[in-house]
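>>> Got a predicted structure here, sequence first:
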Amino acid sequence: MKLKDKPMKSLKDFKISDYNIEPPIYHSVERPEHYSSGQIECIDAMISAFGEEAVEAYCRVNAFKYVWRAGEKGDEETEKEDIRKAIWYLRMSVGEDPRGR
């Protein structure tokens, strides 16, 4: 299936304000536990190893992935979570750390 043949998903139910909630210590979007090793988060280690420019490009590509697969698992909550993850990565890609750092 070509990109142009893929049906567009409706984003009417997704609001940025839904994303801007105070996250708990670990959260499936804002701070997944499996992306941390002790006090170091994977994204911070990536910035240290590869630099901000490379990680910003990675974040744009990762956001694309989450938008692409949103809704493919057949679960509305998972679709919303994938869109929230895409928003997280897009914010990171423009230098706006969604973790408030």
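Done, it's in. Numbering: from 1, shown residues only.
>>> how about the strands in the protein?
36-37, 40-41 (DSSP state E).
>>> which stretches of the protein form helices?
Using DSSP state H, the helices of the chain run over 16-19, 42-50, 52-69, 76-93.
>>> now the angle between helix 76-93 and the third one, please.
Here helix 52-69 runs at an angle of 160 degrees relative to helix 76-93 (axes from the mean of the first three to the mean of the last three C-alpha atoms, to 10 degrees).
>>> CA atoms only: put helix 52-69 into CSV for me.
Output of helix 52-69 as CSV, limited to C-alpha atoms (Å, rounded to 0.1, in the frame of the first residue of the first chain):
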residue,chain,number,x,y,z
GLU,A,52,20.8,17.4,20.0
GLU,A,53,20.6,17.7,16.2
ALA,A,54,20.6,13.9,15.6
VAL,A,55,18.1,13.3,18.4
GLU,A,56,15.8,16.0,17.0
ALA,A,57,15.8,14.3,13.6
TYR,A,58,15.2,10.9,15.3
CYS,A,59,12.2,12.5,17.2
ARG,A,60,10.6,13.6,14.0
VAL,A,61,11.0,10.2,12.4
ASN,A,62,9.6,8.5,15.6
ALA,A,63,6.6,10.9,15.6
PHE,A,64,5.9,9.9,12.0
LYS,A,65,5.9,6.2,13.1
TYR,A,66,3.4,6.8,15.9
VAL,A,67,1.0,8.8,13.7
TRP,A,68,1.3,6.1,11.0
ARG,A,69,0.4,3.3,13.2
